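Visitor: pasting the sequence and the predicted model now:
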Amino acid sequence: MDQPGQNAAFRKISGADLANGMGSSLLPGPMPGVECSMPVHTIATILNSQVSLGCRITVQGWVRTRRDSKAGLSFIALHDGSCFDALQVIAPNDLPNYLSEVVHLTAGCALRVSGEVVASSGKGQAVELHADQIDVAGWVEDPETYPIAPKPHSFEYLRTVAHLRPRTNSIGAVARVRHCLAQAIQRFFHEQGYLWVHTPIITASDCEGAGELFRVSTLDRVNPPRTVEGHIDFEQDFFGRETFLTVSGQLNVEAYCLALSKVYTFGPTFRAENSNTSRHLAEFWMVEPETAFADLHANANLAEALLKFIFQAMLEERADDLSFFAQRIDKTCIQRLEQVVNSPFERMAYNEAIRILEQADRPFEFPIQWGMDLQSEHERYLADDYVGRPLILMNYPKKIKSFYMRLNDDGQTVAAMDVLAPGIGEIIGGSQREERLDVLDARLDELGMSKTAYNWYRDLRRYGSVPHAGFGLGFERTISYVTGMSNVRDVIPFPRTPRSADF
RNA sequence: UCCCCGGUAGCUCAGUCGGUAGAGCAAGUGACUGUUAAUCACUGGGUCCGUGGUUCGAGUCCGCGCCGGGGAGCCA
């Protein structure tokens, strides 16, 4: 109802706000100089009973389905993305545009609807909106070829219409889950006293060792400048040297770690690997905390606490979307999250893992041998079958791990760790870093890597070096694990993979 | 990049022995209905991924290419 004072509880909306997509926000408090006749509500607030029955309100969104009844009304399922469920709008046939517009609405049409919130006399919902005004903001020009029909689509097909797939139940739910997880990650680190460090996207380091790099260049592609030897002369490139998109913020964030103690990065990373699997993207997001005065065990504890915190947030904040995933995508996804939150992660040394694999009553394609890198089949056996919950594997042979990982006293293993999630595999890879300059240099020499290229990194070991540790959490793999969506291409808005950068 | 499988209506798929195209859903129209994956009837809808070949004749068989899926490697 338009009682004085009620509007004040909600931010008033202007046309400019609507154009900016702010119309459905529910920020409290008035905005000076902005006038509007009626508050605009998100569907979430209505379905959460935050709006009293009898209130006259406006909602805005897109039609999911329309059903007509000869009782003199139509039912419109209206969706605005604020929650999983659609709002049922009752459109009585005495609306002035009922015959001319309402009965022709199809999936995807954009509407502004005003009316009264009433108790539903149907079964599927508690409340509905009895419309007294329906404005069609945008029609679907050819309903027959509208790519998102009100029916199940394959995810493979939806990738070909990535600009419209967020209108589906699944991808919309993924978007809310992704946001919720991102917020929970930031909240966790903030509450733990970690600083978010914005490490560079462009890097000159061509041997971070984590994968193939994308080159960043402004040189003429057809006739690039050449050196006298005939090589491309990157001296004339934008940065005066060869540069790439980063594959990891780790080395840079270590510098801030050794000044601010507790730091993390959260941003996109890029790998030009020709990987064609359900777990790899050329552009993906990664969370990389780095903690000073921390050893591998503190690092593992942080990884476990982080995952438990964000999964708990999921259970509390996105129950609607989770129940959809449990119903349609992966029956076990909710109990899996509850189990992870409530039970300790298993910790296991690489040596022990090898012993267990040797004794497994199952043949492996790759025979078990100390010193080998664990294959997918081995990780799967350990995490899925032997342990059955998240598993932290630690202390791998140095030969299969990166140069910056701290050498253990046995001289054979390094303080590395992988967190393996059942059904997904590795979602976290991390280590305690080598803080001793002489040991680090020996490793660089051993691997034939240039010490001068790493001078600034070596400086950190020269000036007030301390033990420190960190890890990388694959954000898309985490979303996959939470939702049961089996392909990471379906948990990032616009996936980039080999031979595919559409949209 | 390697191995295996697939590409037919807007979508999901069937298509026998090589003989010229089918279903469900979606869409349109109508009937019915406080409906909710509504139901029922009718109607429209096809570059059978592309290309070359075999054949009297190719959705079907063969070569090459492109795209997609599953697995592997790389990794997060």
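Guide: Received, thanks.
Visitor: contacts for stretch A:383-396?
Guide: A:296, A:300, A:303-304, A:307, A:339-340, A:343, A:345-351, A:353, A:356, A:360, A:374, A:382, A:408, A:413-423, A:425 (Cβ atoms under 8 Å, 6 or more residues apart in numbering). (Each C-beta comes from the backbone N, C-alpha and C, glycine too.)
Visitor: filter these down to the buried ones.
Guide: Those of the contacts of stretch A:383-396 that meet the buried threshold are A:296, A:300, A:303-304, A:307, A:340, A:345-346, A:348, A:350-351, A:353, A:356, A:374, A:382, A:408, A:413-423, A:425, by 16 or more other Cβ atoms under 10 Å.
Visitor: residue ranges in chain A under the pLDDT threshold?
Guide: Low-confidence segments of chain A (pLDDT under 70): A:1-38, A:206-211.
Visitor: helix/strand/coil for whatever residue of it ends up closest to RNA strand B?
Guide: Closest residue of chain A to RNA strand B, Cβ to the nearest atom of the strand: A:Gly122 (2.0 Å). Secondary structure state of A:Gly122, per DSSP: H, G, I helix; E, B strand; the rest coil, is coil.
Visitor: do the same with A:Glu156
Guide: helix.
Visitor: how about the contacts made by it?
Guide: A:Glu156 neighbours (Cβ under 8 Å, 6+ apart): none.
Visitor: pull up the gap between it and A:Arg489, please.
Guide: 9 Å (Cβ to Cβ, to the nearest Å).
Visitor: and for A:Gly61?
Guide: Using Cβ to Cβ, one obtains 27 Å as the distance from A:Gly61 to A:Arg489.
Visitor: more neighbours: those two, which one.
Guide: Each of A:Gly61 and A:Arg489 has its neighbours counted (other Cβ atoms under 10 Å); A:Gly61 has more, 24 against 21.
Visitor: surely that one touches A:Cys109?
Guide: No. Checked against Cβ atoms under 8 Å, the pair A:Gly61 and A:Cys109 is beyond contact range at 9.9 Å.
Visitor: the closest residue to A:Val89 other than its chain neighbours is in what secondary structure piece?
Guide: In space, and not counting its chain neighbours, A:Val89 is closest to A:Ile76: 4.2 Å by Cβ to Cβ, 6 or more residues apart in numbering. Take DSSP states H and E as the rule and A:Ile76 turns out to sit in strand A:73-79.
Visitor: A:His198: neighbour count?
Guide: Residues within reach of A:His198, counting by other Cβ under 10 Å, total 12.
Visitor: swap in the one 5 residues further on?
Guide: When neighbours are counted by other Cβ under 10 Å, A:Thr203 registers 20.
Visitor: need the contact list for it.
Guide: Contact partners of A:Thr203, counting by Cβ under 8 Å, 6+ apart, are A:243-246, A:252.
Visitor: ok, now A:Thr413?
Guide: A:Thr413 makes contacts with A:350-351, A:395-398, as judged by Cβ under 8 Å, 6+ apart.
Visitor: if we can go back for a sec, of the contacts of stretch A:383-396, which ones also sit close to RNA strand B?
Guide: Among these, the residues that sit close to RNA strand B (Cβ under 7 Å from any atom of the strand) are A:Gly425.
Visitor: helices - which of the contacts of stretch A:383-396 land there?
Guide: A:296, A:300, A:303-304, A:307, A:339-340, A:350-351, A:353, A:356 (DSSP state H).
Visitor: hmm, which two among the residues you listed are most spread apart?
Guide: Pairwise distances across those (Cβ to Cβ) peak at 27.0 Å, for the pair A:Gln339 and A:Asn351.
Visitor: span of stretch A:415-432 from start to end?
Guide: Using Cα to Cα, to the nearest Å, the end-to-end distance of stretch A:415-432 comes out at 5 Å.
Visitor: chain center to it: distance?
Guide: Relative to the centre of its chain, stretch A:415-432 is centred 17 Å away, using Cα atoms, centre = their mean, to the nearest Å.
Visitor: likewise for stretch A:88-102?
Guide: Relative to its parent chain, stretch A:88-102 has a centroid offset of 40 Å by Cα atoms, centre = their mean.
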